[in-house]
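Colleague: Build me a structure from this.
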Amino acid sequence: MNPSLSTEQKKYMIDRIQEYFELERMEPLGELAADQLLHFMVEELGPFMYNKGVHDARQMVDQKVMNLDEDLLSLERPAGRPRR
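Modeller: Model (predicted):
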């Protein structure tokens with residue numbers, strides 16, 4: 001299992017997987033099976049979700065930098081004498 005998950009996070013996710021199987025599929029799922037499913041999802045599907053988060057963060061940062069650039073340009077003052 002991914003070491004960055006706390007014991008509480010892992011327990012919560014396993015509980016949610018078990019609850020999903022019980023409510024949506026009407027089949028009980030043991031803790032070991034839910035843990036194995038969680039491990040599979042983290043290992044196989046997690047990188048897709050992580051990469052999406054990185055992509056979204058990059059878009060947000062790009063937008064903030066563009067706004068900052070516009071704000072800085074608006075602070076510029078005319079310099080020199082006007083031409084005739």
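Colleague: Would you mind naming the helix or strand containing Phe40?
Modeller: With elements taken from DSSP states H and E, the one containing Phe40 is helix 31-40.
Colleague: same for that helix, what does it pack against?
Modeller: Contacts defined by 3 or more C-beta pairs under 8 Å, 6 or more residues apart in numbering; DSSP states H and E place helix 31-40 against helix 7-24. For the C-beta atoms, the positions are set from N, CA and C on the backbone; glycine is no exception.
Colleague: Give me the contacts around the helix it packs on.
Modeller: When contacts are taken as C-beta atoms under 8 Å, 6 or more residues apart in numbering, the neighbours of helix 7-24 outside the stretch itself are Met1, Leu5, Glu27, Pro28, Leu29, Gly30, Glu31, Ala34, Asp35, Leu37, Leu38.
Colleague: For Glu27, which non-adjacent residue is closest in space?
Modeller: Using C-beta to C-beta, 6 or more residues apart in numbering and skipping the chain neighbours, the partner closest in space to Glu27 is Phe21 (5.6 Å).
Colleague: That neighbour and Glu76: what is the separation?
Modeller: Distance of Phe21 to Glu76, given as C-beta to C-beta, to the nearest Å: 61 Å.
Colleague: out of the two, which sits in the more crowded spot?
Modeller: Relative neighbour count places Phe21 above the other of Phe21 and Glu76, with 17 against 7, counting by other C-beta atoms under 10 Å.
Colleague: does Ala79 sit in a helix, a strand or a coil?
Modeller: Using DSSP: H, G, I helix; E, B strand; the rest coil, the three-state assignment for Ala79 comes out as coil.
Colleague: Pop out the phi and psi values for it.
Modeller: Geometry field for Ala79 lists phi and psi as phi -130, psi 150, criterion degrees, to the nearest 10.
Colleague: Give the burial count for it, as a bare number.
Modeller: 5.
Colleague: The one 5 residues further on too?
Modeller: Applying other C-beta under 10 Å, we find 3 residues neighbouring Arg84.
Colleague: How about the contacts made by it?
Modeller: Arg84 is in contact with no residue at all, counting by C-beta under 8 Å, 6+ apart.
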